[in-house]
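Peer 1: 3D model of this:
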Amino acid sequence: MKTSSRRVVITGSGVVSALGNAPKGLHDALCKGHCGLGPIQLFQSAQYAGEIHDFDASEILGEGNLRPLDRIARLAASAAQLTLADTSCTQEMRDEQDVGIVLGTVFSGAHTIGVFDQLAITRGPRFVKPLDFANTVINAATGQTAIWHNLRGINSTVATGASSGLQALAYASDLILSKRSDMLLAGGAEELCFEMMFGFDRLGLLSKTVDTAVDFDADRSGLAVGEGSAFLMLEDEEIARKRGATVIGEIRGYAMAFDPQRGKSAQQMEEMMARTIRGALLNADLAVSEIDCISSSASGGIAGDRSEAHAISEVFGKQTGSMPITAIKSAVGETLGASGAIQTVALLEHMAQGVLPGICGFGKLEYGLDLPTVGKDNRTAKMQNGLVLSFGLDGNLCALVVSKGPS
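Peer 2: Here you go, the predicted structure:
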C-alpha cells in the first residue's frame, strides 16, 4: 500500500502510432474502426504489421542533426516532443528544473545492433560505423531522447518484455511518490525491423492473415507486430497545480507479477494475471465496483487472450457482464514495449470523450470466454477509473489503475 502523501497526476501525453500522432486522432480512428495493419514497406517481407508509413521525425522535431538517432530513438524523441508540447514544458522550464525520463522497450535498436554485428563479422571491424555503436545498448533510445530534449533528471530504461511500457509508468510514479523526482516523462517505444519479425516468425507467434489477428476473436491465429511510441508527463500534484498545468489524469496504483512457467501452465497464468489485477486495485485503494472500463492486453494470441479473459472474469465476477472492455492491438499491432503506454494514452482519451471503441475486425467471441461486452461496437459510458493491462509472453505481468482528470 502507498504510504506517501503525494499524488501522481498526468499533465500531458503524446503518441506516434500507425493510426496517428495525437491522442484524439488515435481515439477517433479506433472509434471509426480503422486498422493500421498492412504490408511492410521498411523491409522485404510477406508478413504485415502496424508500420508507421512515411515516418519523418523532422516534421515533429524540426531542424537539428538527426543522424545520431536511429529509428526507435526518432520515434521516442518525437513522442516526447509531442508530450512536452502538450504539457507546456518549454525549453526554458527544462533549463530551470530537472525533468527525467523513464522509457520501456523490449529490443531497443535491434536493427542497429543487427547491422553493426553483421558488418563487423562479414567485412571486419574497420567497416562498422562508430556512430552506430552508441545505439547498440538497451538504453540508447532513452539517452538519445534525453539529450535531444535536455532532460537532465533521472534517466532510466525498463526492459521487461511486452509489459515494459506499463512498468515504466509504474516505476516513474514510484519515483515521484518517493520524492526522487517531481516531473518525469514516462512511456515506451518500439521499432519495426526485420530482426524482430524474423524472431516472432520463427517462434510461430504471428497471425496467418490480417483478419485472424483480432483480440479475443474465435478465429484468431496469432499476433501482428506493430511499432510506435507514447509518453505521459507525470508530476507531483502540488507542483503541477502551482505551475498551472492542466491535469488530464492520475496514476492511482499498480501491481506487477511474474509467471515463472511463462504461460506453459494455463491455470497458473490465469492465477498470476488475476493476482496482478487484484494487486493493482489494492494498491489504488479501489473496489472492483469502482472500475469503469478496461484496456485489455489481448493481442490475438490464442493462449494469452484466453487466460486474460478468464482472469478478468475471475476478478470482476458478475460485474464482467456490464464492464466496458476494449483492446487496441488488432488496430495498431502488438507494439511490445510501447503497448502499455499507448493503451494508457488511448484510455485516458476514451474516458475524457466518454466513448470506449470496439475491437477492430472483431467477429465473434471465442466459445467459453465470459466477456459479453467485448465486440466491434463502440460503447458510451461514464468512466472515471480505468484499468490498463499488459501481460507479456515472457511471464512479466503489469496492471495499472488510472483516473481521468477533472472536467
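
Peer 1: now do the contacts for Met183.
Peer 2: Cys89, Gln97, Asp98, Val99, Gly100, Gly153, Met233, Leu234, Glu235, Asp236, Ile239 (CB atoms under 8 Å, 6 or more residues apart in numbering). For the C-beta atoms, the positions are set from N, CA and C on the backbone; glycine is no exception.

Peer 1: from Leu205, how far out is it?
Peer 2: 38 Å (CB to CB, to the nearest Å).

Peer 1: next: Leu234.
Peer 2: 32 Å.

Peer 1: neighbour count for the two, which is higher?
Peer 2: Neighbour count, other CB atoms under 10 Å: between Leu234 and Leu205, Leu234 has more, with 29 against 18.

Peer 1: my read: the more buried one touches Ile176, true?
Peer 2: Yes - between Leu234 and Ile176 there is a contact at 5.9 Å, judged by CB atoms under 8 Å.

Peer 1: which neighbours do the two share?
Peer 2: Common neighbours of Leu234 and Ile176 (CB under 8 Å, 6+ apart) are Val8, Leu184.

Peer 1: and this protein, what are its domains?
Peer 2: Domain ranges of the chain: 8-249, 252-404, per automatic domain parsing.

Peer 1: in stretch 394-403, which residues are buried?
Peer 2: Of all the residues in stretch 394-403, those buried under the rule 16 or more other CB atoms under 10 Å are Gly395, Asn396, Leu397, Cys398, Ala399, Leu400, Val401, Val402, Ser403.

Peer 1: which members of those residues are the farthest-apart pair?
Peer 2: The span of the buried residues of stretch 394-403, defined through CB to CB, is set by Gly395 and Ser403 at 28.6 Å.

Peer 1: what are the boundaries of the strands in the stretch 251-400 of the chain?
Peer 2: Secondary structure of the stretch 251-400 of the chain, counting by DSSP state E, counting those that start in this stretch: strands at 293-295, 325-326, 355-356, 379-380, 385-391, 396-404.

Peer 1: for those, which one sits closest to Val115?
Peer 2: The nearest among these, by CB to CB, is strand 396-404 at 27.9 Å.

Peer 1: just to check, Trp314 is in contact with Glu270?
Peer 2: That one is not Trp; residue 314 is Glu. Yes - between Glu314 and Glu270 there is a contact under CB under 8 Å: 7.0 Å.

Peer 1: neighbour count: the two, which is higher?
Peer 2: Ranked by neighbour count (other CB under 10 Å), Glu314 and Glu270 place Glu270 first, with 20 against 17.

Peer 1: can you name the residues that contact the more buried one?
Peer 2: Ser307, His310, Ala311, Glu314.

Peer 1: let's go with 10 Å and repeat that
Peer 2: Asp259, Arg306, Ser307, Glu308, Ala309, His310, Ala311, Ile312, Ser313, Glu314 (CB atoms under 10 Å, 6 or more residues apart in numbering).

Peer 1: so which of the residues you listed comes closest to Arg275?
Peer 2: Ala311 (8.6 Å).

Peer 1: can you count the residues close to that closest one?
Peer 2: Counted with other CB under 10 Å, Ala311 comes out at 24.

Peer 1: same check on Lys129?
Peer 2: There are 11 residues near Lys129, going by other CB under 10 Å.

Peer 1: could you do the one 3 residues further on as well?
Peer 2: Burial of Asp132 is recorded as 17 neighbouring residues (other CB under 10 Å).

Peer 1: from Met196, how far out is it?
Peer 2: Asp132 is 17 Å from Met196, by CB to CB.

Peer 1: give the buried residues for stretch 318-329.
Peer 2: Quick answer for stretch 318-329 (16+ other CB under 10 Å): Thr320, Met323, Pro324, Ile325, Thr326, Ala327, Ile328, Lys329.

Peer 1: now do the helix or strand hosting Ile176: distance to the chain's middle.
Peer 2: Per DSSP states H and E: Ile176 is located in helix 164-177. In terms of CA atoms, centre = their mean, to the nearest Å, the centre of helix 164-177 is found 12 Å from the chain centre.

Peer 1: now the angle from it to strand 396-404?
Peer 2: Between helix 164-177 and strand 396-404, the angle comes out at 60 degrees (axes from the mean of the first three to the mean of the last three CA atoms, to 10 degrees).

Peer 1: what is the mean pLDDT for helix 164-177?
Peer 2: Mean per-residue pLDDT for helix 164-177: 98.

Peer 1: partner strands of the helix or strand just after it, with direction?
Peer 2: Going down the chain from helix 164-177, the next helix or strand is strand 183-190, by DSSP H and E. When pairing is defined by DSSP bridges, strand 183-190 lines up against strand 100-104 (parallel), strand 228-236 (antiparallel).

Peer 1: strand 183-190: which residues count as buried?
Peer 2: Buried, per 16+ other CB under 10 Å, within strand 183-190: Met183, Leu184, Leu185, Ala186, Gly187, Gly188, Ala189, Glu190.

Peer 1: whichever helix or strand comes after it - contacts with which helices or strands?
Peer 2: Sequence order places helix 194-202 as the next helix or strand after strand 183-190, per DSSP H and E. With contacts defined as 3 or more CB pairs under 10 Å, 6 or more residues apart in numbering; DSSP states H and E, helix 194-202 has these neighbours: strand 48-49, helix 110-122.
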